[in-house]
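1. Attaching a predicted model along with its sequence, questions to come.
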Amino acid sequence: MPIQQESMFTTRDIQATDAAHHLHPFTNTGALNAKGARVISKGEGVWLWDTEGNKILDGMAGLWCVNMGYGRQELVDAAAQQMQQLPYYNTFFQTTHAPATALAQEIASVTPGDLNRIFFAGSGSEAVDTMIRLVRHYWSVVGKPYRNIIISRENGYHGSTIGGASLGGMKGMHAQGGPMVPNIEHIRQPYWYGEAGDMNEEAFGKACAQALEDRILQVGPDNVAAFVGEPVQGAGGVIVPPANYWREIQAICRKYGILLVADEVICGFGRTGSWFGSQTLGIEPDLITMAKGLSSGYLPIAAVAMSDRVADALIAHDEDFNHGFTYSGHPTAAAVALENIRLMKAENIVDYVGTDIGPYFQQQLRATLAEHPLVGHIEGVGLMAGMALVQDKASRTPFPEDANAGLVCRDHCFENGLIMRAVGDRMVLAPPLVISRSEVDELCEKARHCFDLTLASLK
Ligand code: PLP
C-alpha cells in the first residue's frame, strides 16, 4: 500500500492528529496543541515549505544536520540501492558488511590524528553514551578502573539519553528524569560575552581552563577518566571559546594523563570550515563523537572515533566489549553517509565553508546586524553563529526573563519565512553548508526585518 502523503489531509487534520497522539521532544506539548504545530511538507536546497504553502529559509539546517541541503537525489539513490541489496544486517556476531567497513575507513581518513577506529551508533546521544562506557572501560582494561570520573561543562549539550543528559550541563535536563549518572562533574563554560565580567578574552580563557585543573585536583587526578567538550558549544547558544582556551585545556589533560574527548555532533563534517571542529579550534582529541552531518540527517547514524592508543588497549584486552545497538553500522544509513561524504568531497564543501561562504556569512551577519539596537554581540565560526539579544547594548543588560525576547524573535522569524533558533535570548543560526552568497544575503535581510519586529514587540 502506498504511504499516505500529507497532501491527502488538511493542515488541520494533521494538527489535530498531532495534538491527539504526539508527545513532542523539547516542547511544552500542551501549549503547542493550543495553537497547532506548523506542518513542514517539503525541502529543496536551503528551503522548506509548509502545508500552507509558505516558503521558509532553514537557517538551522533542520537540527544542525542537513548540511548538504534538502532534496539530494544522490542520497535518495544510495539508500534505495542499499535497501534493495541488503536493507539491514548487524555487525554483532562475527559478521560485517561493505557499507559499514567502507564508512569506517572513510571516517578514519577525515578524522584528525590517529583516530583510526570507529564504533557506530544510531544517534548523537548513543554515540555519547558509547563514549562514556568506552572511556571508563578503557581505563579499566589498562588496570585503572578507579579512573571513572568524567568532567564536562555547564551549559554543554551532549544528548538526551540518561548518559548524554548527565554529561551535558543543562540544568533543565538534570531537573527531569533523574537521578543522573554518577561520577560526572561540571565546570564553568567559556562564555566570554556573558560571564567574563571585566576579564579580557585571554584572561577569561585561562581562568576557564584553570577551572578544569582545579576540579581535577579536587576530585583527585587518579580518578579522572576524561574531559569532554564541544569545540564550539552549539545547543548552548553557539559559544566560541577564547582563542587560548582549548590549548590550555589540552595541556591540562596531557599533564594529568586524562583523555580528551571532542563532542563533534554539531561541529563535525564541515560546520566550522574544517572536517572537524577540532581542526579549526586546534584540539587533538583522543576520541570524537559525531552524528548529524555524517549523513546530512538523511538517515540516523552516528559514530565514535578513537585513537590507536585507546583502540589497541581495548582490542588487546581479550574479551568482548559488551556494548552495541541493533542499528550500529546500519547498512542503509552507512551507504547514505558514504555517499554524503563522497558528495562533500566532490563539491569541495569543507573548503567552501572554510574559505568562502563561512567567512562571507560571518561578515554579512555583522555588517547587517551588529549595529542593531537589539544585538549585544555576535560570535561564530564557519556556518554557525550566535547573537545575544539585549535590552541595552552598552551595559550588556539582558531583557527580563518574562519578556521571552528570544521566543518573541523566533516567532517573528517563523512568521516571516526564516527559521532561527532561540536559546534563551541568544538567536542561533547554522544553515545548510550549501547555502549560496545570495541566500546568505537574504537570510541576513530577513533576520534584520525580524529583529526590527522583535524590537517593536518588546517595547
Ligand atoms: N552532542 C551534541 C554536541 C549535540 O549537539 C547533540 C544534539 O544536538 C547530541 C550530542 C545528541 O545528538 P542526538 O540528538 O542525535 O541524540
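-> Alright, I've got the coordinates. These numbers come from a predicted model, not from an experiment. Residues are numbered from 1 along each chain as shown.
2. Val440 reaches Pro359, doesn't it?
-> No. Contact between Val440 and Pro359 fails when scored by CB atoms under 8 Å: they sit 10.7 Å apart. Every residue, glycine included, has its C-beta placed from N, CA and C.
3. between the two, who's got more neighbours?
-> Neighbours were counted for Val440 and for Pro359 using other CB atoms under 10 Å; Val440 has more, 23 against 14.
4. Spell out which residues sit in contact with the residue nearest to Gly45 when sequence neighbours are not counted, please.
-> Nearest residue to Gly45, sequence neighbours excluded (CB to CB, 6 or more residues apart in numbering): Gly69, at 4.7 Å. By CB atoms under 8 Å, 6 or more residues apart in numbering, the contact list for Gly69 reads 44-46, 296, 432-434.
5. with those residues in mind, which one is nearest to the ligand?
-> Using CB to the nearest ligand atom, Ser296 comes nearest to the ligand of the contacts of Gly69, at 13.2 Å.
6. quick revisit: identify, from the contacts of Gly69, the entry nearest to Phe276.
-> Leu433 (13.8 Å; CB to CB).
7. Closest to the centroid, which residue in the chain?
-> Computing the C-alpha centroid of the chain and ranking residues by CA atoms, centre = their mean puts Ile266 first, at 2.6 Å.
8. How about the contacts made by the residue of the stretch 51-200 of the chain found nearest the ligand?
-> Using CB to the nearest ligand atom, the single residue of the stretch 51-200 of the chain nearest to the ligand is Gly124, 2.1 Å away. With contact set as CB under 8 Å, 6+ apart, Gly124 has these partners: 158-159, 164, 263, 265, 289-292, 302.
9. tell me, which of those make contact with the ligand?
-> 158-159, 164, 263, 265, 291 (CB under 6 Å from any ligand atom).
10. Selecting buried members of those residues in PyMOL, what would you type?
-> Restricted to buried positions by 16 or more other CB atoms under 10 Å, the PyMOL selection for these reads:
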select buried, resi 158+159+164+263+265+291
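11. Out of the ones next to the ligand among the contacts of Gly124, which sit inside strands?
-> If you go by DSSP state E, the ones next to the ligand among the contacts of Gly124 have Asp263 in strands.
12. so which of the ones next to the ligand among the contacts of Gly124 comes closest to Ala102?
-> Checking the ones next to the ligand among the contacts of Gly124 against Ala102 by CB to CB gives Ala291 as the nearest, at 18.3 Å.
13. Let me see the confidence value for that closest one.
-> Note on Ala291: pLDDT of 98.
14. first to last residue in stretch 81-93, what's the distance?
-> Using CA to CA, to the nearest Å, the end-to-end distance of stretch 81-93 comes to 25 Å.
15. average pLDDT across that stretch?
-> 97.
16. which residues touch Phe451?
-> Neighbouring residues of Phe451 by CB under 8 Å, 6+ apart: 369, 372, 374-375, 409.
17. can we see that at 10 Å?
-> Going by CB atoms under 10 Å, 6 or more residues apart in numbering, Phe451 touches 368-369, 372-375, 387, 389, 409, 412-413, 420, 427.
18. Look at it and tell me its secondary structure.
-> Counting by DSSP: H, G, I helix; E, B strand; the rest coil, the backbone at Phe451 sits in helix.
19. Next, work out how far apart it and His372 are.
-> Separation of Phe451 from His372 (CB to CB, to the nearest Å): 5 Å.
20. What is the neighbour count of Pro190?
-> Applying other CB under 10 Å, we find 26 residues neighbouring Pro190.
21. Got phi/psi on it?
-> Main-chain torsions, Pro190, degrees, to the nearest 10: phi -90, psi 60.
22. Quick one: residues contacting it.
-> Pro190 is in contact with 153, 196, 201, 204-205, 207-209, 211, 229, 233, 239-242, 244-246, 248-249, counting by CB under 10 Å, 6+ apart.
23. Pro432 too?
-> So Pro432 contacts 43, 45-47, 57-62, 64-70, 293, 296-297, 349, 383, 439 (CB under 10 Å, 6+ apart).
24. Next step: the residues you listed restricted to helices.
-> Among the contacts of Pro432, the ones falling in helices (DSSP state H) are 61-62, 64, 349, 439.
25. Tell me the most packed of these, by neighbour count.
-> The residue in the ones in helices among the contacts of Pro432 with the most neighbours, by other CB under 10 Å, is Ala61 (29 neighbours).
26. Can you tell me the SS state at the spatially closest residue to that one that is not a sequence neighbour?
-> Distance criterion CB to CB, 6+ apart; nearest residue to Ala61, sequence neighbours excluded, is Pro432 at 4.5 Å. The three-state label given to Pro432 by three-state DSSP is coil.
27. Tell me which stretches of the stretch 301-450 of the chain form strands.
-> For the stretch 301-450 of the chain, the strands identified by DSSP state E, counting those that start in this stretch occupy 302-306, 375-381, 384-389, 418-419, 421-423, 426-429, in order along the chain.
28. can you put those strands in a markdown table and add distance to Met180?
-> Shown next, in a markdown table, are these (distance: least, CB to CB, whole Å):
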| stretch | distance to Met180 |
| --- | --- |
| strand 302-306 | 21 |
| strand 375-381 | 29 |
| strand 384-389 | 26 |
| strand 418-419 | 31 |
| strand 421-423 | 21 |
| strand 426-429 | 25 |
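29. show me where the stretch 1-150 of the chain has strands.
-> 40-44, 47-50, 55-58, 117-121, 149-153.
30. out of the contacts of Gly69, what pair is the most spread apart?
-> Glu44 and Leu433 (15.4 Å).
31. wait, what's in contact with the nearest residue to Cys444 once chain neighbours are set aside?
-> Among residues not flanking Cys444 along the chain, Thr368 sits closest, at 4.0 Å (CB to CB, 6+ apart). Taking CB under 10 Å, 6+ apart as the contact definition, Thr368 lies against 375, 378, 440-441, 443-448, 451.
32. quick revisit: got CSV for the strands of the stretch 301-450 of the chain, with mean neighbour count and mean pLDDT too?
-> As requested, the strands of the stretch 301-450 of the chain are arranged in CSV below (neighbours: other CB atoms under 10 Å; pLDDT from 0 to 100):
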stretch, mean neighbour count, mean pLDDT
strand 302-306, 28, 98
strand 375-381, 21, 98
strand 384-389, 26, 98
strand 418-419, 22, 98
strand 421-423, 20, 97
strand 426-429, 25, 98
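33. Contact residues of the stretch 1-150 of the chain facing the ligand?
-> Where proximity means CB under 6 Å from any ligand atom, the interface of the stretch 1-150 of the chain facing the ligand comprises 123-125, 128.
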